[in-house]
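**Q** test case, fold it:
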Amino acid sequence: MPLDRVGPTMARLKLATYNGNGIKSRLDKLLEWLGRESPDIVCLQELKAEDTGFPRKALRDAGYGAVFVGQKSWNGVAILAKDADPIEVRRGLPGDDKDTQGRYIEAAVDGLLVACLYLPNGNPQPGPKFDYKLAWFERLIRHAATLQKSGHAVVLAGDYNVIPTDLDIYNTRSWLKDALLQPASRECYRRLLAQGWTDSIRALHPDERIYTFWDYFRQHWEHNSGLRIDHLLLNETLAPRLVSAGVDTWVRGRPGASDHAPTWIVLDDAPRKAVRKRAPARKVAKRAPARRAKA
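**A** Have a look, this model is predicted:
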């Protein structure tokens, strides 16, 4: 396992997860966000591009190395690291050799084991897609238990396609039949947390209505009718380093933006500087610091 190649120097680190809803069609939005917010590690979901279509050069020019699992038309996940190349540890969630959907990747970067996931949506339910969602969730729970006990600092970041509680949705009435709100989906998430994982946003903002997704219908963005379905879970080794967490909502307000907004955390005293080939220096133009919109 290549995690022993990661060195132990210490510094603050910003880690984000972002379902970009098409990396080729919204690359300009992604690059704008990377240039403005400068996260150290990024987990991307829903690339909607095969490996050959992944914009590796554009991201390297922006200062980010990447590992990724592409898939044509849908799915696809990636892990980016600023000024570095992540060290791939695993691609694909264990437990079903016949599952070819691009939904999971792990990498060692900046002293962390980073798992990026795109959990199945599950709609319509009931039906085969919801059955697949729950089966995938069960596989995640089993694998997460091994990661929790690994002794490494681990983050499980991504689009979970589950609304954990009623505080994480503007109104439940329109979503009662949706797979994201089903008791079985919520129970899987609860069981995952029960292993000892910390839900970063809720740990620091226990009573606030914070959303990470606003669908394109019925002016949900304009009315702030959102959901919180993008989560960063920290294992017991990493959770004590959590300093802050939030959502870059300004990204969602851009014309033609993804229906998700980047969700981020800051970790203190996080190991950094793995022994690996460094990505090229950033070529983006310098700009004055911009104020982050409030979550």
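**Q** show me where the stretch 51-200 of the chain has its strands.
**A** All strands of the stretch 51-200 of the chain, identified by DSSP state E, counting those that start in this stretch, fall at 64-69, 77-82, 87-91, 104-109, 112-118, 154-159, 198-199.
**Q** format these as TSV; extra columns: mean neighbour count and mean pLDDT.
**A** All C-beta atoms are positioned from the backbone trio N, CA, C, and that covers glycine. Listed next are these as TSV, based on neighbours: other Cβ atoms under 10 Å; pLDDT from 0 to 100:
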stretch	mean neighbour count	mean pLDDT
strand 64-69	23	98
strand 77-82	26	98
strand 87-91	17	98
strand 104-109	26	98
strand 112-118	27	98
strand 154-159	27	98
strand 198-199	20	98
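**Q** nearest to Leu44, of the ones you listed?
**A** Closest to Leu44 of those is strand 77-82 (Cβ to Cβ; 4.4 Å).
**Q** tilt between that closest one and strand 64-69?
**A** Put simply, strand 77-82 runs at 170 degrees to strand 64-69, going by axes from the mean of the first three to the mean of the last three Cα atoms, to 10 degrees.
**Q** which elements pack onto strand 77-82?
**A** Here strand 77-82 touches strand 41-45, strand 64-69, strand 104-109, strand 112-118, going by 3 or more Cβ pairs under 8 Å, 6 or more residues apart in numbering; DSSP states H and E.
**Q** same list, the strands of the stretch 51-200 of the chain, but as a markdown table with distance to Leu140 please.
**A** Supplementary listing: those in a markdown table, determined by distance: least, Cβ to Cβ, whole Å:
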| stretch | distance to Leu140 |
| --- | --- |
| strand 64-69 | 15 |
| strand 77-82 | 13 |
| strand 87-91 | 13 |
| strand 104-109 | 8 |
| strand 112-118 | 7 |
| strand 154-159 | 8 |
| strand 198-199 | 15 |
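**Q** output the helices and strands packed on strand 77-82 in CSV; the columns should cover distance to Ser200.
**A** Below are the helices and strands packed on strand 77-82 laid out as CSV (distance: least, Cβ to Cβ, whole Å):
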stretch, distance to Ser200
strand 41-45, 13
strand 64-69, 22
strand 104-109, 17
strand 112-118, 13
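**Q** Asn161 is nearest to which of the ones you listed?
**A** Closest approach to Asn161 among those is made by strand 112-118 (8.0 Å; Cβ to Cβ).
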